[in-house]
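Chemist: I need the structure of the sequence given here:
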Amino acid sequence: MGILTWIIVGLVAGLLASMVMGGTGYGLIGDIIIGIIGAFVGGWIFQKLGTGVPFHGLGGVIFVAFIGAVVLLFVLRLIRGATFPRRL
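Modeler: Reported below is the predicted structural model:
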């Protein structure tokens, strides 16, 4: 895939995952990075489940990246919640 395709997939998957997880997002660059990392996480999850992409084309790639981004955001929020909050 070209770099532009990775950026588009990352942006769409990151934005959708942020909306589903009820957050405000991490900004344009942060959402792109979350989506791109989510694509790798989603690919790994689907591989471990022994299944492939449910549908072909760019939509399938975005779907897998979206699932991975949701899992990634869930884990990040678990880690963030495990730290002690600062007191002012």
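Chemist: Contact partners for the residue nearest the centre of the chain?
Modeler: The centroid of the chain falls nearest to residue 69 when counting by CA atoms, centre = their mean (1.6 Å). By CB atoms under 8 Å, 6 or more residues apart in numbering, the contact set of residue 69 is 13-14, 16-17, 34-35, 37-39, 41-42. No exception for glycine: its C-beta is placed from N, CA and C like everyone else's.
Chemist: Make a markdown table out of those residues and add distance to residue 49, pLDDT and neighbour count.
Modeler: Shown next, in a markdown table, are the contacts of residue 69 (distance: CB to CB, whole Å; pLDDT from 0 to 100; neighbours: other CB atoms under 10 Å):
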| residue | distance to residue 49 | pLDDT | neighbour count |
| --- | --- | --- | --- |
| 13 | 18 | 91 | 30 |
| 14 | 22 | 88 | 30 |
| 16 | 21 | 89 | 19 |
| 17 | 19 | 89 | 25 |
| 34 | 21 | 89 | 27 |
| 35 | 20 | 88 | 29 |
| 37 | 19 | 92 | 17 |
| 38 | 16 | 91 | 28 |
| 39 | 16 | 90 | 25 |
| 41 | 13 | 93 | 20 |
| 42 | 11 | 92 | 25 |
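Chemist: which one of those residues is nearest residue 80?
Modeler: residue 34 (13.6 Å; CB to CB).
Chemist: Now the closest residue in space to that closest one that isn't next to it in sequence: which helix or strand?
Modeler: What sits nearest to residue 34 in space, not counting adjacent residues and going by CB to CB, 6 or more residues apart in numbering, is residue 14, at 4.2 Å. Secondary structure from DSSP states H and E places residue 14 in helix 3-20.
Chemist: Residues contacting that helix, please?
Modeler: For helix 3-20, the surrounding residues in contact (CB under 8 Å, 6+ apart) are 1, 24-26, 28, 30-36, 38-39, 58, 61-62, 65-66, 68-70, 72-73.
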